[in-house]
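Chemist: can't give you the sequence, but here's the structure:
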């Protein structure tokens with residue numbers, strides 16, 4: 001067996017230890033006589049898996065009392081509708097920060113349900129930086145403020161949580177959740193598609209403050225009401241059972257690494273290795289402003305577009321795959337999610353050095 005180093009922005013690589021554990025338990029889960037994929041979501045075995053995963057996530061993220069963890073479906077894209085449907089109050093107003101394609105999609109969706117103001121944007125420079133947001137810029141009558149904490153396509157991230165005062169802060173944390181320590185108490189709602197750092201595609205995690213439950217707009221479909229899912233312990237309907245099981249294994253893996261703080265240290269070391277090489281290279285150029293660079297998605301370009309295809313094809317032959325950047329930015333994108341080992345980044349940098357010698 002020969003596994004590649006998968007730099008895909010998502011679905012991304014999972015820790016090998018997690019995959020091996022899942023392989024070991026594929027046919028029979030811990031004496032149950034069946035696979036988790038065959039198990040009733042109402043069974044005591046699955047209830048233990050679900051509750052265990054929620055408990056572990058609360059532990060490793062330091063989620064305080066007063067927050068609910070939900071395991072849902074529909075990806076972050078469904079959350080673009082669920083957030084406004086559940087958080088718009090009597091004012092039906094919200095402030096959004098536009099930092100990339102996914103933030104734009106969230107804004108467009110929210111406008112179907114109320115008044116949305118783009119309070120800050122980095123569109124003027126093709127989303128290469130994170131715009132400033134202060135409490136004074138926030139509408140005190142807004143029902144919530146929405147940000148995207150990491151921008152997968154453009155390779156930028158928030159380096160500090162903005163202060164929105166008494167206005168609840170909602171965040172799409174799909175591509176950097178569990179990558180660094182986060183003070184959950186500064187947020188009212190966090191949501192994340194699983195396919196970056198949490199597990200396989202098909203699961204969406206929502207962390208919501210209890211006082212925001214029960215505020216859904218009257219026309220909100222039952223399946224899109226956070227309170228319904230909270231009251232039924234994420235079991236109102238059949239949840240993505242196997243995805244939750246894998247996520248639980250990932251949470252165990254994070255804890256085994258030393259927790260999120262240890263994972264963050266490793267991620268910073270990986271990112272520094274790659275960025276330091278890019279910054280001192282004569283061939284490669286990073287596209288995001290240095291102060292706002294993502295730990296998870298490193299974007300860089302070559303001086304000639306025709307070199308990009310050559311780079312991607314040559315890298316794949318070396319077992320370095322999914323490096324082609326998004327068309328909005330071009331060039332390359334190396335996604336350094338939690339499961340990417342340091343060895344993979346070392347191999348990428350060595351390949352980049354060789355490609356530079358041959359093409360500079």
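Modeler: Right, received. Where do you want to start? From a predicted model like this one, the values you see are computed outputs, not experimental measurements.

Chemist: contacts and neighbour counts: CA atoms only from here.
Modeler: Noted.

Chemist: Can you give me the buried ones in stretch 334-342?
Modeler: In terms of neighbour count (16 or more other Cα atoms under 10 Å), stretch 334-342 has its buried residues at 334-340, 342.

Chemist: Relative to residue 266, how far out is residue 150?
Modeler: Distance from residue 150 to residue 266, counting by Cα to Cα, to the nearest Å: 18 Å.

Chemist: Neighbour count for these two, which is higher?
Modeler: residue 150 (29 against 19; other Cα atoms under 10 Å).

Chemist: is it true that that one touches residue 176?
Modeler: Yes: Residue 150 lies in contact with residue 176 (Cα atoms under 8 Å); the separation is 6.0 Å.

Chemist: and stretch 114-124, which residues are buried?
Modeler: In stretch 114-124, the ones that count as buried by 16+ other Cα under 10 Å are 114, 116-117, 119-123.

Chemist: okay, these in CSV with secondary structure next?
Modeler: Shown next, in CSV, are those (DSSP: H, G, I helix; E, B strand; the rest coil):
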residue, secondary structure
114, coil
116, strand
117, strand
119, strand
120, strand
121, strand
122, coil
123, helix
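
Chemist: quick one: the strands in the stretch 51-200 of the chain?
Modeler: All strands of the stretch 51-200 of the chain, identified by DSSP state E, counting those that start in this stretch, fall at 67-72, 93-98, 115-121, 144-148, 150-151, 156-157, 169-172, 189-193.

Chemist: need those in CSV with distance to residue 258 and mean pLDDT, can you?
Modeler: Shown next, in CSV, are the strands of the stretch 51-200 of the chain (distance: least, Cα to Cα, whole Å; pLDDT from 0 to 100):
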stretch, distance to residue 258, mean pLDDT
strand 67-72, 22, 98
strand 93-98, 33, 98
strand 115-121, 36, 98
strand 144-148, 27, 98
strand 150-151, 23, 98
strand 156-157, 24, 98
strand 169-172, 25, 98
strand 189-193, 22, 98
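
Chemist: could those strands be laid out in a markdown table, adding distance to residue 47?
Modeler: Listed next are the strands of the stretch 51-200 of the chain as a markdown table, based on distance: least, Cα to Cα, whole Å:
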| stretch | distance to residue 47 |
| --- | --- |
| strand 67-72 | 12 |
| strand 93-98 | 36 |
| strand 115-121 | 39 |
| strand 144-148 | 32 |
| strand 150-151 | 32 |
| strand 156-157 | 35 |
| strand 169-172 | 27 |
| strand 189-193 | 22 |
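
Chemist: Show me how the chain divides into domains.
Modeler: Domain assignment for the chain, taken from automatic domain parsing, gives 17-257, 259-359.

Chemist: circling back to that earlier point, counting only helices, which of the buried residues of stretch 334-342 make the cut?
Modeler: residue 342 (DSSP state H).

Chemist: Please look at residue 139 and residue 115 and confirm they touch.
Modeler: No: using Cα under 8 Å, residue 139 is not in contact with residue 115, being 11.8 Å away.

Chemist: Any stretches of the chain with poor pLDDT?
Modeler: Applying pLDDT under 70 to the chain picks out residues 1.

Chemist: quick one, helices of it?
Modeler: 16-24, 44-61, 75-87, 101-110, 226-231, 241-257, 260-279, 305-317, 342-359.

Chemist: For residue 133, which of these is the nearest?
Modeler: Nearest to residue 133 among the helices of the chain is helix 101-110; the distance by Cα to Cα comes to 14.9 Å.

Chemist: re earlier: need the helices of the chain in TSV (columns: distance to residue 199).
Modeler: Formatted as TSV, the helices of the chain follow (distance: least, Cα to Cα, whole Å):
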stretch	distance to residue 199
helix 16-24	10
helix 44-61	12
helix 75-87	12
helix 101-110	20
helix 226-231	20
helix 241-257	5
helix 260-279	16
helix 305-317	24
helix 342-359	20
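
Chemist: Nearest to residue 217 among these would be which one?
Modeler: Of these, nearest to residue 217 by Cα to Cα is helix 75-87, at 5.5 Å.

Chemist: what angle separates that closest one from strand 189-193?
Modeler: Between the axes of helix 75-87 and strand 189-193, defined by axes from the mean of the first three to the mean of the last three Cα atoms, to 10 degrees, the angle is 160 degrees.

Chemist: which strands and helices sit next to helix 75-87?
Modeler: In terms of contacts (3 or more Cα pairs under 8 Å, 6 or more residues apart in numbering; DSSP states H and E), helix 75-87 is packed against helix 101-110, strand 189-193.

Chemist: can you tell me which residues contact residue 13?
Modeler: 6-7, 196, 337, 339-340 (Cα atoms under 8 Å, 6 or more residues apart in numbering).

Chemist: how about a cut-off of 10 Å?
Modeler: Applying Cα atoms under 10 Å, 6 or more residues apart in numbering to residue 13 gives the contacts 4-7, 19, 195-197, 199-200, 335-340.
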